[in-house]
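[1] This is a predicted model, with the sequence first.
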Amino acid sequence: MSTLQFQLGLNVMQAVIALCHFCENHGPRVMMITQPMRSTPSPSSSSTTISSKQTYCVKALQMLPLAHTDHERPICYGDCTPEILEDPEERCSACISFGNVNQPCLLSNDHENKTSYISTQIPLKERVYERVRNACLRSLSCEIPAPHRRSSFPLNIRTASHAVRIDEIRQDCISEYVDESGKSDGDGPVFFGDADNGYCFSLTFRLRDSKARGFFRLYSFIVVSNDMTYIVNNYEFFLQALTAVKEKLQSMASATFESELLQDDIVRPHYASMAGRLPSGWFKPNDRNGRRVAIDTKRNLQTITGDVLIWTRLHRQPIYRLLTIHI
């Protein structure tokens with residue numbers, strides 16, 4: 001698809017932000033994407049008002065509290081009608097956020113700037129969906145982040161490469177060391193993309209989980225845009241803002257992890273290095289006899305962080321503010 005077509009697909013937004021997860025059952029999956037939608041409604045516009053019916057998320061739409069209630073204001077700005085009504089990818093509870101039927105979502109409106117911020121499980125538009133899915137796959141598989149070094153201008157905008165590294169790539173790409181806080185040599189920021197598929201800032205990180213293979217689960221935040229200059233100029237902002245969100249998630253996951261370690265039947269991380277010497281068939285999920293490791297590949301983010309409102313918090317607090325202030 002041409003750059004012009006991609007521009008049309010993102011004509012109401014400069015960028016979208018998504019949380020991705022490498023599901024142990026289904027591989028890389030986009031779990032939540034926040035999209036700013038903008039428009040200037042007029043009296044003759046087709047924008048839907050609060051008193052009218054809206055069909056795209058009637059069953060599960062969750063409106064965040066607004067400072068002012070005005071029945072003349074539209075329920076959303078821009079074209080928020082989804083082109084994808086059902087997620088085409090197979091999923092389990094570990095890689096599901098809002099659900100995959102009729103695009104349930106979280107919606108916040110900035111009436112002053114006539115902008116809606118919509119968080120869904122998959123993008124509303126097909127063109128955006130293809131770009132974000134491609135960025136998710138690369139973010140969690142083939143793109144290797146490098147340790148961050150502070151720089152006033154980390155990228156060279158004249159670089160012609162399809163994938164641009166933030167810093168020098170680490171030499172040892174075979175084995176990764178993960179410390180107790182969830183940090184790994186393979187985690188961190190990376191920039192990649194091209195004119196045909198769009199550009200992406202990715203921040204890869206891990207969350208501790210007592211029932212995951214290796215006691216960690218892999219996630220990433222991605223910012224996808226068709227404008228390379230936009231990503232480059234705001235690189236430090238994206239890095240600082242998303243790192244703050246990442247560290248909060250890691251703190252919550254670590255607290256849950258430590259509380260689960262108090263259980264008598266849990267397997268301690270310092271025994272993980274012995275896995276290669278254990279008998280065949282030792283690691284089996286959901287085993288009840290207490291002899292084998294209870295691996296649960298379907299644990300969702302709410303369980304890992306111990307917060308049933310984690311999706312609302314990701315939308316309403318860090319991600320929503322990030323988009324409101326800067327995109």
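    Received the coordinates, thanks.

[2] Bridging across strands, which residues link to Gly193?
    Under DSSP bridges, the beta-bridge partners of Gly193 are Tyr199.

[3] which one is Ala15 nearest to, not counting chain neighbours?
    Nearest residue to Ala15, sequence neighbours excluded (Cβ to Cβ, 6 or more residues apart in numbering): Ser225, at 3.8 Å. For glycine as for every other residue, the C-beta is placed from the backbone atoms N, C-alpha and C.

[4] The stretch 151-300 of the chain: helices as residue ranges?
    In the stretch 151-300 of the chain, the helices defined using DSSP state H, counting those that start in this stretch lie at 228-233, 235-261.

[5] okay, those helices in a markdown table with mean neighbour count and distance to Glu130 next?
    Shown next, in a markdown table, are the helices of the stretch 151-300 of the chain (neighbours: other Cβ atoms under 10 Å; distance: least, Cβ to Cβ, whole Å):
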| stretch | mean neighbour count | distance to Glu130 |
| --- | --- | --- |
| helix 228-233 | 16 | 18 |
| helix 235-261 | 17 | 22 |
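
[6] The residue nearest to Ala15 reaches Asn197, doesn't it?
    No: counting by Cβ atoms under 8 Å, Ser225 stays clear of Asn197, with 11.4 Å between them.

[7] Between these two, tell me which one has more neighbours.
    Each of Ser225 and Asn197 has its neighbours counted (other Cβ atoms under 10 Å); Ser225 has more, 23 against 19.

[8] That one bridge partners, please.
    As for beta bridges, Ser225 partners with Tyr199 under DSSP bridges.

[9] ok, which stretches of this protein are strands?
    Listed in chain order, the strands of the chain (DSSP state E) span 16-23, 27-38, 62-63, 106-110, 115-120, 163-164, 188-194, 198-208, 216-225.

[10] Between its first and last residues, what's the separation in stretch 21-30?
    In stretch 21-30, first residue to last residue: 7 Å (Cα to Cα, to the nearest Å).

[11] In stretch 21-29, which residues are buried?
    The neighbour-count check on stretch 21-29 (16 or more other Cβ atoms under 10 Å) flags His21, Phe22, Cys23, Glu24, Pro28, Arg29 as buried.

[12] wait, what's in contact with Ser225?
    Neighbouring residues of Ser225 by Cβ atoms under 8 Å, 6 or more residues apart in numbering: Leu10, Gln14, Ala15, Val16, Gly198, Tyr199, Cys200, Ile231.

[13] Name the member of the residues you listed with the most neighbours.
    Gly198 (28 neighbours).

[14] Go ahead and confirm Ser141 touches Pro28.
    Yes: when contacts are counted by Cβ under 8 Å, Ser141 is listed as touching Pro28 (6.2 Å).

[15] what residues do the two have in common as contacts?
    Here Ser141 and Pro28 share the contacting residues Phe22, scored by Cβ under 8 Å, 6+ apart.

[16] In the stretch 1-150 of the chain, where is pLDDT below threshold?
    In the predicted model, the stretch 1-150 of the chain carries pLDDT under 70 at residues 1-13, 40-74, 76, 78-85, 99-104, 146-150.

[17] Now do the helices in it.
    3-9, 126-140.

[18] Buried residues, the last one. List them.
    What it means is helix 126-140. Buried residues in helix 126-140, defined by neighbour count with 16+ other Cβ under 10 Å: 127-133, 135-140.

[19] any chance of these in TSV, plus distance to Ala94?
    Formatted as TSV, the buried residues of helix 126-140 follow (distance: Cβ to Cβ, whole Å):
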residue	distance to Ala94
Arg127	27
Val128	24
Tyr129	20
Glu130	23
Arg131	24
Val132	19
Arg133	17
Ala135	20
Cys136	15
Leu137	17
Arg138	20
Ser139	17
Leu140	13
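
[20] and which of those is nearest to Ile304?
    Closest to Ile304 out of the buried residues of helix 126-140 is Leu140 (16.4 Å), distances taken as Cβ to Cβ.

[21] quick one, what contacts the closest one?
    By Cβ under 8 Å, 6+ apart, Leu140 lies in contact with Cys20, His21, Phe22, Pro28, Thr204, Leu218, Ser220.

[22] Could you dump those into CSV with distance to Gly188 added?
    Below are the contacts of Leu140 laid out as CSV (distance: Cβ to Cβ, whole Å):
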residue, distance to Gly188
Cys20, 15
His21, 17
Phe22, 16
Pro28, 17
Thr204, 6
Leu218, 13
Ser220, 10
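
[23] Specify which member of those residues is nearest to Leu261.
    Taking the contacts of Leu140 together and measuring to Leu261 by Cβ to Cβ, the closest member is Leu218, at 20.7 Å.
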